[in-house]
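**Student:** Pasted the sequence and its predicted model underneath.
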Amino acid sequence: SSKRNKTHELDILGQPFRIERIGTDGDLAAFAKMFAELDGQVDALGVGGADIYVVVGQKRYAFKQIQRLIAGAKTTPVVDGSGLKHTLERETIHRLQRDGTVDFKQERVLLVSAVDRFGMAQALLEVGAKTTYGDLLFGLGLPIPVRSYGTVKLLGSLILPIITRLPLKWFYPTGEKQETRAPKFPKVFADATFVCGDWHYIRRYAPDDLSGKTVLTQSVRKADLDWLKTTKARRVITTTPVMGGETFATNVMEGVVVALLGNRPEQMTEQDY
């Protein structure tokens, strides 16, 4: 959605940056054209509102449609946030547990999509959180909450080879759907004390009442924070830094890291991030 566009200029580690988020309102042809036109003109390109890859266990699955759309970028590095999801978001869970901000053993966690936030999913398992995974609920619309990451891995190995060959909009809110709410499975949200994962899933499907809950996500705008206040959510924690009172998405910040280091994404290691 272009309503979430944001531009910010700042210095990071002594380097001047212009960071820009541009939405094409679900227009895939415009999306592909922009990647081709910006190729070689910018230091990094990020895929927002979509994943190039999703990961379950040790296996990575590529969305064929997204790979085709970004094919016009021949020289500029293209990222989708998965490098940060594997490192920063995993570490976020451990840090919150370590510094006492959250005791995950006392929380009932809803992770709205594990295949999209694989580092977070694995870290929740490592800290002993009682977690419900919403992949079937919100990705496929099936009334089946998944209670174990082992089941996520099994289902992923069976379903993802098929899903990644189909249009992304069947599974993820794109364009104007990012601006409209369609609450689903309110009992799953009601049972949780801690809701985490992709913001578009949370905003679209959460009920109007999130009283007392902590929300951990990546990209929130002022309008999102205003809405969360009306839900009586207890607090919001973001994995990406606040810039101008709002936060950018994971793919944007991964682009910053890649541009700073001057490495191709495929060359980046966990230590680099």
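**Tutor:** Received, thanks. Numbering: from 1, shown residues only.
**Student:** Not counting sequence-adjacent ones, nearest residue to Thr131?
**Tutor:** Closest residue to Thr131 apart from its sequence neighbours, by C-beta to C-beta, 6 or more residues apart in numbering: Val109 at 4.4 Å. Heads up, the C-betas are built off the backbone N, CA and C, glycines and all.
**Student:** That neighbour: how many residues sit nearby?
**Tutor:** 23 (other C-beta atoms under 10 Å).
**Student:** Tell me, what's the model's pLDDT at it?
**Tutor:** Note on Val109: pLDDT of 98.
**Student:** can you map out the helices along this protein?
**Tutor:** 28-38, 64-69, 82-86, 88-98, 118-126, 149-163, 186-191, 199-205, 222-230, 250-261 (DSSP state H).
**Student:** Of these, which is nearest Leu137?
**Tutor:** Among the helices of the chain, the nearest to Leu137 by C-beta to C-beta is helix 186-191 (6.3 Å).
**Student:** Can you name every helix or strand that that closest one contacts?
**Tutor:** If you count contacts as 3 or more C-beta pairs under 8 Å, 6 or more residues apart in numbering; DSSP states H and E, helix 186-191 packs onto strand 108-111.
**Student:** Please compute how far the strand it packs on lies from its chain's middle.
**Tutor:** Mean C-alpha position of strand 108-111 versus that of the full chain (C-alpha atoms, centre = their mean, to the nearest Å) differs by 16 Å.
**Student:** then the worst-scoring helix or strand of the chain on mean pLDDT to PDB, C-alphas only?
**Tutor:** Sorting the helices and strands of the chain by mean pLDDT, DSSP states H and E puts strand 53-56 at the bottom, at a mean of 86. Extracted C-alpha coordinates of strand 53-56, given in PDB (Å, rounded to 0.1, in the frame of the first residue of the first chain):
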ATOM      1  CA  TYR A  53      12.200 -17.000   0.600                       C
ATOM      2  CA  VAL A  54      10.400 -18.700   3.500                       C
ATOM      3  CA  VAL A  55      12.300 -21.200   5.700                       C
ATOM      4  CA  VAL A  56      11.300 -24.200   7.700                       C
END
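**Student:** Next, the buried residues of that strand.
**Tutor:** 53-56 (16 or more other C-beta atoms under 10 Å).
**Student:** Can you list the strands that that strand pairs with?
**Tutor:** strand 59-62 (antiparallel) (DSSP bridges).
**Student:** Over the strand it pairs with, what's the mean pLDDT, rounded is fine.
**Tutor:** For strand 59-62, the per-residue pLDDT averages 89.
**Student:** Other residues contacting that strand?
**Tutor:** Residues outside strand 59-62 that contact it (C-beta atoms under 8 Å, 6 or more residues apart in numbering) are 52-55, 156-157, 160-161, 163-164.
**Student:** let's see it at 7 Å
**Tutor:** With contact meaning C-beta atoms under 7 Å, 6 or more residues apart in numbering, strand 59-62 is reached by 52-54, 157, 160-161, 164.
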